[in-house]
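Trainee: model this:
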Amino acid sequence: REAGGVPMEFPTHPIQETGKRPTAALDRNLSYLSLVEVLYGYPIDGVILTTGCDKTTPAALMAAATVNIPSIVLSGGPMLDGFYKGKKAGSGTIIWEARKLHAKGEINYDEFMDMAAASAPSIGHCNTMGTASSMNSIAEALGMSLTGGAIIPAPYKKRESISFETGKRIVEMVHEDLTPSKIMTKEAFENAIYVASAIGASSNCPPHLTAIARHMGIDLDIDSWQKLGHDIPLLVNCQPAGEHLMEGFFKAGGIPAIMQELMKNNKLHKNVMTVTGKTIKKNIEQIKIPNTDDQKIVRGIENPLHSFGTAVILKGTLAPEGAVIKTAGVEMTKFTGKAKIFDSEESAFDSVANGEIKEGDVLVIRYEGPKGGPGMREMLATTAALVGQGLGKKVAMITDGRFSGGTRGFMVGHVAPEAFVGGPIALVKDGDEI
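Mentor: Residues are numbered from 1 along each chain as shown. Presented below is the predicted three-dimensional model:
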């Protein structure tokens, strides 16, 4: 309003995931469609896309790409760092640990709940490098949010300040006719992959970024992650791959610190336009960033947490069109075992709960892909149950569905072609060696 705009708040399809399992990407697409209808059907000159958990960010960016009116992303921000008995308690990650302790009888139910509650100390989305923080970081890397805005914790005064600045900026963008098509270019999407690899982003980022690119009319396939991201080392020491959480990452410089390090090493397109009306190079040069040499959270390229990026694209007879494994937090690089076949996530969960899965097994969960699920459902309950039984590092899982952004272990998802369309994963039988 101060910049001369007339603000109007409106809803989109709600994405409520905490009360249902498994979740599906159908919610992302419904949110996208409802947002497109509002942006296309009403005389709106520009839009602030308020984002937070997992699918809200890709849905909003897909709609911005489709309608192509001046658009800017404003994340609600992560929760403050959580602590339990003096140690960092991260959203999701502490639940895996609590399940394991509870299954062993080392803690009771009340202690389990205390651990869970400790990971959610304030308003905000998950405080780990799960899908929420990953996708909001990608929005900043794409140039679609104000510099430094992705990881400001939700309760911080700076979150309020950047909200105000975002409101002023969108009015200026309308006058400048600065639209998503001028920002989300091929080079911008490549920057997003570089940054995603450096931060140890969620395995859900490849399909989300591919969807945004398609709506922008840009060819970005799954192999792009291997070609561009594999040689980018992991620079952020945050859970689930590392030790720290988002509040600490913000204090260490956040996404600007990562982009500065990548730019310094010629691993970023510097002259890409952003919502500020300036290039990435000019934005980053204006930010004072702590020296990475003295840091425990943000590493320099010469001293990474891991020497290669977050996602590896696997191909073979089981997945001729590719599959994704998030390497951050994975200790094994090879696994051989006998297949245990499940045609739904629910049947796999029941088998784990009944103690039917043993060390060395390869769980194959199929008919959970985009068409089979439908909506590429998330295998969160089964992975959590495996960790709860102490099998998280002793088995492998392969699925044409997907995983939570906080998942750890030898988990291969997004197998293509999926079982529903006749992919080879549909032919695997119990006892086959994988």
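
Trainee: Tell me, please, where in the stretch 101-250 of the chain the pLDDT is lower than the cut-off.
Mentor: Counting by pLDDT under 70, the stretch 101-250 of the chain contains no low-confidence segment.

Trainee: can you give me the helices in it?
Mentor: 109-118, 131-141, 157-176, 180-183, 186-199, 205-215, 223-224, 246-251 (DSSP state H, counting those that start in this stretch).

Trainee: Just the CA atoms of stretch 46-60, as CSV, please.
Mentor: The C-alpha atoms that make up stretch 46-60 are tabulated as CSV, following Å, rounded to 0.1, in the frame of the first residue of the first chain:
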residue,chain,number,x,y,z
GLY,A,46,1.1,-8.8,-9.7
VAL,A,47,1.2,-11.4,-7.0
ILE,A,48,3.1,-12.2,-3.8
LEU,A,49,3.3,-16.0,-3.5
THR,A,50,3.3,-16.9,0.2
THR,A,51,4.9,-20.3,0.6
GLY,A,52,6.0,-22.6,3.4
CYS,A,53,5.8,-26.4,3.6
ASP,A,54,6.8,-28.7,0.8
LYS,A,55,4.4,-28.5,-2.1
THR,A,56,3.2,-24.9,-1.6
THR,A,57,6.4,-23.5,-3.2
PRO,A,58,6.4,-25.6,-6.4
ALA,A,59,2.6,-25.1,-6.8
ALA,A,60,3.0,-21.3,-6.6
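
Trainee: For it, give the mean pLDDT please.
Mentor: Throughout stretch 46-60, pLDDT has a mean value of 95.

Trainee: Whichever strand in the chain runs longest pairs with which strands?
Mentor: In the chain, with assignment by DSSP state E, the single longest strand is strand 410-416. Using DSSP bridges, the strands paired with strand 410-416 are strand 322-326 (antiparallel), strand 396-399 (parallel).

Trainee: ranking these by mean pLDDT, which is last?
Mentor: Looking at the strands paired with strand 410-416, the lowest mean pLDDT belongs to strand 322-326 (a mean of 89).

Trainee: just checking, next helix/strand downstream of that one?
Mentor: strand 338-342 (DSSP states H and E).

Trainee: Please enumerate residues in contact with the next helix or strand after that following strand?
Mentor: Sequence-wise, the next helix or strand downstream of strand 338-342 (DSSP H and E) is helix 345-353. Contacts with helix 345-353, where a contact means Cβ atoms under 8 Å, 6 or more residues apart in numbering, come from 22, 340, 342, 357, 363, 365, 368, 377, 379, 381-382, 385-386, 389, 391, 401. Any C-beta I mention is one placed from the backbone N, CA and C, and that applies to glycine too.

Trainee: Which residues are in contact with the residue nearest in space to the middle of the chain?
Mentor: In the chain, the C-alpha nearest the mean C-alpha coordinate belongs to Thr131, at 2.5 Å (Cα atoms, centre = their mean). Counting by Cβ under 8 Å, 6+ apart, Thr131 touches Cys53, Asp54, Lys55, Ser202, Asn204, Cys205, Ser404, Gly405.

Trainee: okay if I get these as a markdown table plus distance to Ala426 and neighbour count?
Mentor: Below are the contacts of Thr131 laid out as a markdown table (distance: Cβ to Cβ, whole Å; neighbours: other Cβ atoms under 10 Å):
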| residue | distance to Ala426 | neighbour count |
| --- | --- | --- |
| Cys53 | 32 | 20 |
| Asp54 | 28 | 29 |
| Lys55 | 27 | 26 |
| Ser202 | 27 | 31 |
| Asn204 | 23 | 28 |
| Cys205 | 26 | 28 |
| Ser404 | 24 | 26 |
| Gly405 | 27 | 26 |
